[in-house]
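Peer 1: A predicted structure for the sequence below; I have some questions about it.
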Amino acid sequence: MSISIEAYRPIVGTQFIDELYRIADHINDRAIQHINSTPVGGGVAEILHRLVPLTNELGVKATWDVIKGSEEFFNVTKAFHNALHGSGNDITDDMFEIYRETTRDNLKSMNLYGDVIMIHDPQPAGLIAKKDEIGRKWAWRCHIDVSQPNKKLWDFLQQYVDQYHASVFSMPDFSQQLPIPQFLIAPSIDPLADKNRDLEQSFIDEIIEKYELDPDRPIITQISRYDRLKDPVGVIQAYKIVKKRYDVQLVLAGGGASDDPEGAAVLQEAQEMGAEDPDVKILLLPAYSDKEINALQRASTVVLQKSIKEGFGLTVTEAMWKRKPVIGGATGGIRKQIIDGVTGYLVHTVEGTARRIIDILNNPTMADELARNAYEHVRNNFLLTRHLKDYLLLMIALERDGSDVIEL
Amino acid sequence: MNNVFRFFTERRLVEATGLRAVTVRDMLAHLKKVGGASIFYHTHASYIEHHFVRQRFYNDFASWISGALQEHKLAEKIAGIDMLDYTTITDLRNAIIKTITQDLNERKGERARKAPPGEEFHFCKAKNFVFPTGIEARTIDEFFECLRHISPLSLYFHVFESRLRLQRTTSDFAVWLTDMGARDIAEKINRLDPYAFNLEELRERIISLYK
């Protein structure tokens, strides 16, 4: 069952929820249709599962449809995804043909009925071909970093993207030069999801016991995939520097290394580095461990996200929301979330990470202040309700393009 | 005379302009041609996004020049521009351009510093959606009571946004209080430098003027 918008009132404040209703009133009878490529799994589906019912509750009709594609098509779009990140395979003309063919099939079979049609990511982007025939307002919501894409692929996709009325990116750093408006809508976390909601202390204690942690000694945690770009090895090195003088424990927890040989190698390396030390816990968590991850974050004294390259970094948002002092690599969206020395610490090296961990251990009052600011920063800027507000404003902006000031 | 003060608020959608700077010279070139909405955004966004904390610089140009380029002198000079001296974005833009140009002239021949990859300056702007909060004051007492309850964004709208957008030398609050006969409080508000506080501090400061 979906969670009511009213449940967010005590969290984000009654004025904010009232404002959402007010903004929704200005949308009248116009409906928004979201279209993406998968009903489950991945951040986009996760957010739509929650946003769509909330939008409806505010009186704005919202629906969500999913394109169909063969395994071959999704292999192609996976290759696209990697190439848009500037890495991976060669992009071939055959791939473009497979993309076009699936787009044609979906154009025939899909009902495109929204007054605003929001297309998420590259997979369904070709549906814009219907614009001239049916009109409507079209927005392309790009969740991935396309700042340094494979040029051949980007040239191909841009033929579609340029036809939209507007694009939406998560950060300016992810965007491209485009002839259409580029709105910036940051990702968000749901404070009422299992991954983020308040937990009973008894459950947190259970998890501490399950993973043989000592609640009386500081716990340093990093939650992330075993991926070199998340630098789990650097995290262990920083822990080892701290461990020389401080009796701390380290938790590295992440999932999904089974089908990823590189990930398996990184996991193994981390395990070898921590093998001699009973205070290092390297956990491979199964999918759907949201509540356990939540508990591990809440049990932590310091949370790290020592990434070398990062997208937005929602694990940082999650830890900040739990009022934890967070130390993050100065990269990508982490730099948007952590104001150095105010809402956490930004670091560039293993040594810097160790130094900041020690600062936090030695200055609990300062650590509390960082954590308080972090929570407030997330409450104001990175919660689901703000995401919802931005989509409503986008609907209005698409209808009344032009002016920088819109009076409602 | 209509003596009801209606509190408005605003919400915004941020847009990337696609313009990026890696050096101070890039920034200067873009400053000359970017729309006024972008200048306003980068001199004010920080007050909203971090309304509860005190920042080193509230001006994004100064923040970037200090943080990404480590050009601390220039950053301080830009942050030192007295925003209250300007009632139009054009004048404010010119002041920033003049400050950067002077600095570049003084340091002719020095090698330009480049922002590290990932720390480029992205020129953005905001589309603002302005609407009434439904909160209204009919007396001065009510007005100051309302001030305790309005959102930081509502406060921001009346103090910052309306001043530069309507090109007044005072805030909405001072105009209304003067109309209500409270000229002394209005003048105190006018003497206040709203740019020196975060929004929560500013709220407290304005309320304290009435005690």
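Peer 2: Arrived safely.

Peer 1: let me see the contact set for the closest residue to chain B within chain A.
Peer 2: Relative to chain B, the nearest point of chain A is A:Pro172 (3.5 Å; C-beta to the nearest C-beta). Every residue, glycine included, has its C-beta placed from N, CA and C. Taking C-beta atoms under 8 Å, 6 or more residues apart in numbering or on different chains, we find A:Pro172 in contact with A:Gln182, A:Leu184, B:Ala16, B:His122, B:Cys124.

Peer 1: what's the closest non-adjacent residue to it?
Peer 2: Leaving aside its sequence neighbours, A:Pro172 sits nearest to B:His122 (C-beta to C-beta, 6 or more residues apart in numbering or on different chains; 3.5 Å).

Peer 1: can you count the residues close to the closest residue to A:Ser2 other than its chain neighbours?
Peer 2: Spatially, and ignoring its direct neighbours in sequence, A:Ser2 is nearest to A:Pro53 (3.8 Å; C-beta to C-beta, 6+ apart). Residues lying near A:Pro53 (other C-beta atoms under 10 Å in any protein chain shown) number 16.

Peer 1: which SS class is A:Pro53?
Peer 2: helix (DSSP: H, G, I helix; E, B strand; the rest coil).

Peer 1: what parts of the stretch 201-350 of chain A come near chain B?
Peer 2: Residues of the stretch 201-350 of chain A lying close to chain B by C-beta under 8 Å from any C-beta of the partner chain are A:Thr331, A:Gly332, A:Arg335, A:Ile339, A:Val342, A:Thr343.

Peer 1: list only buried entries from these.
Peer 2: Buried members of these, scored by 16 or more other C-beta atoms under 10 Å in any protein chain shown, are A:Thr331, A:Gly332, A:Arg335, A:Ile339, A:Val342, A:Thr343.

Peer 1: what does the domain assignment say about chain B?
Peer 2: B:5-9+B:129-208, B:12-125 (automatic domain parsing).

Peer 1: as TSV, these with mean pLDDT and mean neighbour count would be great.
Peer 2: Converted to TSV, the domains of chain B look like this (pLDDT from 0 to 100; neighbours: other C-beta atoms under 10 Å in any protein chain shown):
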stretch	mean pLDDT	mean neighbour count
domain B:5-9+B:129-208	90	17
domain B:12-125	91	17
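
Peer 1: returning to what we had before: bridging residues for the residue nearest to A:Pro172?
Peer 2: Counting by DSSP bridges, B:His122 forms beta bridges with B:Arg20.

Peer 1: stretch A:248-255: which residues count as buried?
Peer 2: Neighbour-count burial for stretch A:248-255, counted by 16+ other C-beta under 10 Å, picks out A:Val248, A:Gln249, A:Leu250, A:Val251, A:Leu252, A:Ala253, A:Gly254, A:Gly255.

Peer 1: so how far is that stretch off the chain centroid?
Peer 2: 21 Å (C-alpha atoms, centre = their mean, to the nearest Å).

Peer 1: what's that stretch in contact with?
Peer 2: A:211, A:213-214, A:217-226, A:230, A:232, A:235-236, A:239, A:242, A:270, A:274, A:279-287, A:289, A:293, A:296, A:300-301, A:357, A:361.

Peer 1: report the lowest-confidence entry in the buried residues of stretch A:248-255.
Peer 2: Among the buried residues of stretch A:248-255, A:Gly255 carries the weakest pLDDT, at 78.

Peer 1: which other helices and strands contact the lengthiest helix in chain B?
Peer 2: Taking DSSP state H as the criterion, chain B has its longest helix at helix B:89-106. With contacts taken as 3 or more C-beta pairs under 8 Å, 6 or more residues apart in numbering or on different chains; DSSP states H and E, helix B:89-106 sits against helix B:24-33, helix B:36-49, helix B:72-79.

Peer 1: many thanks, I have nothing further to ask.
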